[in-house]
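Engineer: This is the structure alone, sequence omitted:
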């Protein structure tokens with residue numbers, strides 16, 4: 001049963017991930033970007049991925065993400081949509097395919113559901129116990145296979 005539930009979770013989560021990424025994985029275009037450390041509006045130095053399209057348009061996206069680090073002038077792959085290139089993302093497992101918020105929500109959700117199921121099953125009502133005992137006392141009559 002646990003093997004089935006784990007497999008079911010992996011299949012459903014995989015389908016969810018495939019069709020929920022922004023920019024869209026199926027319509028997105030990938031290109032190479034270079035990471036530079038620039039000051040943002042607050043004066044804090046943050047990594048930015050800078051990429052060029054059509055030799056005229058230069059775009060800069062935020063490359064900072066939890067548990068991900070870059071070096072100056074590091075080449076990264078960026079995925080973007082042709083209609084809206086400024087809404088791009090760094091194409092990587094951690095940050096594009098798997099985000100920490102979704103992972104945390106899945107783990108907490110499964111713990112809550114597991115605890116709810118465990119508490120429901122572990123404390124049956126006296127009526128349910130009596131009904132189960134009566135059911136087990138009844139003789140099992142085999143029906144013939146053919147009429």
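Structural biologist: Received, thanks. Quick caveat, the model's predicted, so the values are computed rather than measured.
Engineer: quick one, helices of the protein?
Structural biologist: Ranges of helices within the chain are 2-20, 100-122, 126-137, based on DSSP state H.
Engineer: Residue 49: which of those helices is closest?
Structural biologist: helix 100-122 (18.8 Å; C-beta to C-beta). For every residue, glycine as well, the C-beta is placed using N, CA and C.
Engineer: packing partners for that closest one?
Structural biologist: helix 2-20 (3 or more C-beta pairs under 8 Å, 6 or more residues apart in numbering; DSSP states H and E).
Engineer: Flag the shaky bits of the protein, pLDDT-wise.
Structural biologist: 1, 147 (pLDDT under 70).
Engineer: how much space between residue 86 and residue 64?
Structural biologist: From residue 86 over to residue 64 the distance is 17 Å, taken as C-beta to C-beta, to the nearest Å.
Engineer: quick one on the thing from earlier: let's have the helices of the chain in JSON lines, adding mean neighbour count.
Structural biologist: Below are these laid out as JSON lines (neighbours: other C-beta atoms under 10 Å):
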{"stretch": "helix 2-20", "mean neighbour count": "10"}
{"stretch": "helix 100-122", "mean neighbour count": "10"}
{"stretch": "helix 126-137", "mean neighbour count": "9"}
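Engineer: Pipe those helices into a markdown table and attach distance to residue 34 per row.
Structural biologist: Listed next are these as a markdown table, based on distance: least, C-beta to C-beta, whole Å:
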| stretch | distance to residue 34 |
| --- | --- |
| helix 2-20 | 27 |
| helix 100-122 | 25 |
| helix 126-137 | 65 |
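Engineer: Out of those helices, which is closest to residue 31?
Structural biologist: helix 2-20 (21.2 Å).
Engineer: Give me the angle between that closest one and helix 100-122.
Structural biologist: 150 degrees (axes from the mean of the first three to the mean of the last three C-alpha atoms, to 10 degrees).
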